[in-house]
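J.: Sequence first, predicted model second:
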Protein chains: 2
Amino acid sequence: MSEPRWLTDDEQQAWRALAAVMLRLPNELDRQLKRDAGMGEYEYWVLAILSEAPDRTLQLRDLAEYSNASQSRLSHVISRLEKRGWVRREPSPTDARASNAVLTDDGWDTIVSAAPGHVEAVRTAVFDGLTERDVDDLKRVCGHILANIDANPQG
Amino acid sequence: MSEPRWLTDDEQQAWRALAAVMLRLPNELDRQLKRDAGMGEYEYWVLAILSEAPDRTLQLRDLAEYSNASQSRLSHVISRLEKRGWVRREPSPTDARASNAVLTDDGWDTIVSAAPGHVEAVRTAVFDGLTERDVDDLKRVCGHILANIDANPQG
DNA sequence: GGCGGTTGCTTGACTCTTCAACAAACGTAC
DNA sequence: GTACGTTTGTTGAAGAGTCAAGCAACCGCC
């Protein structure tokens, strides 16, 4: 192993800022959602993605990918959402291994009523005070990071 | 409550990208650290911050703030690090309520040997392919977000 | 000097995530 | 058709984080 390529000062500062965002922002949004809608940020994503899917239905495999989680995590989460009556499982008609998650009417009502408050929280915590260029920069840099992770997974 | 200020398309895209980073990046770095050094990303921060502090010592209250965590979380983590012999607690000489965390020699050796691999993982996952301007943008935008959170805490 | 509010920290219960092991169905090659 | 490796999904145990409650020390004030 050769001499490690240490981070420059600028990189260190950027890294500290990003790390702080990753520690604090999810916490912040979880708290708002938990308080106002009884769910966490990840559960919100799952319901939101389902609500936009054709027939409000998605195979678990795909839902896990779109929501950036492991299948195991999604499986546990779907079980919880099922218990609350917001989602139900259906066997896939085309592949006997696969299951689909379907958003119920209750789930639809829940996400529709939770959305305004959550969007407001995201706006307050993230986008307030950002210029259009800031938003573009954020999208671009995060896109690079995701590409880096995809290109070089640790798992 | 008035009509919610929905996100623009650009904001939505940026938000999805940031959310994906927040879900996947910590996971990625945790896996590398767990595999190569037997600790998680947050534990690494704690050790790293301590290693740079005067006398490798910091009051728990301050360490919690610098590491962007709750005191409760830090308390649990320090207990784990204590069990592994990387950190020890000391009563504060100036305030009988307070405790200091001190990095042990073992802890020092651990963080020194873990650092190169972890820096490499951060570089691979985050900074590879970023221009200097990207790095500046990342720092600037994350700084804005942190300011937003500070100005408007949900807790 | 002691009362009341605040600060620093710990604890335990609850919830959530990960990881590894497992099972069932698929598909390809022979 | 059957054997092998892969894909899809579930499960249970172990590890971590959050939250609320609690305790002790501090500080300002009367």
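T.: Everything's here; your move.
J.: can I assume A:Tyr66 is in contact with A:Leu58?
T.: Yes: between A:Tyr66 and A:Leu58 there is a contact at 7.4 Å, judged by Cβ atoms under 8 Å. (Glycine included, C-beta is placed from N, CA and C.)
J.: mean confidence for whichever strand or helix holds A:Leu47?
T.: A:Leu47 belongs to helix A:41-52 when assigned by DSSP states H and E. If you average the pLDDT over helix A:41-52, you get 98.
J.: quick check, that helix touching DNA strand D?
T.: No: if you take Cβ under 7 Å from any atom of the strand as the test, helix A:41-52 misses DNA strand D, and the best it gets is 11.4 Å.
J.: again with stretch A:15-35
T.: Yes: under the criterion of Cβ under 7 Å from any atom of the strand, stretch A:15-35 makes contact with DNA strand D via A:27, A:30-31, A:34.
J.: And the top helix by length along chain A, what's buried?
T.: Longest helix in chain A, counting residues (DSSP state H): helix A:9-37. Judged by neighbour count (16 or more other Cβ atoms under 10 Å in any protein chain shown), helix A:9-37 contains these buried residues: A:11, A:13-33, A:36-37.
J.: now stretch A:148-155
T.: Quick answer for stretch A:148-155 (16+ other Cβ under 10 Å): A:148-149, A:154.
J.: Could I get the contacting residues of A:Met22?
T.: B:21-22, B:25-26 (Cβ atoms under 8 Å, 6 or more residues apart in numbering or on different chains).
J.: Now with 10 Å, please.
T.: Neighbour list for A:Met22: B:18, B:21-23, B:25-26, B:29, B:41, B:68, B:142 [criterion: Cβ atoms under 10 Å, 6 or more residues apart in numbering or on different chains].
J.: Nearest to A:Leu138, out of the residues you listed: which one, please.
T.: Set against A:Leu138, the nearest of the contacts of A:Met22 by Cβ to Cβ is B:Leu18 (6.3 Å).
J.: which non-adjacent residue is nearest the closest one?
T.: Spatially, and ignoring its direct neighbours in sequence, B:Leu18 is nearest to A:Cys142 (5.3 Å; Cβ to Cβ, 6 or more residues apart in numbering or on different chains).
J.: what's the answer for A:Pro153, then?
T.: B:Glu28 (7.2 Å).
J.: correct me, but the one you found touches B:Arg35?
T.: No: between B:Glu28 and B:Arg35 there is no contact under Cβ atoms under 10 Å: 11.3 Å.
J.: What residues does chain A have near DNA strand C?
T.: Near DNA strand C, when you scan chain A using Cβ under 7 Å from any atom of the strand, you find A:40, A:42, A:69-70, A:72-73, A:76-77, A:80, A:95-97, A:155.
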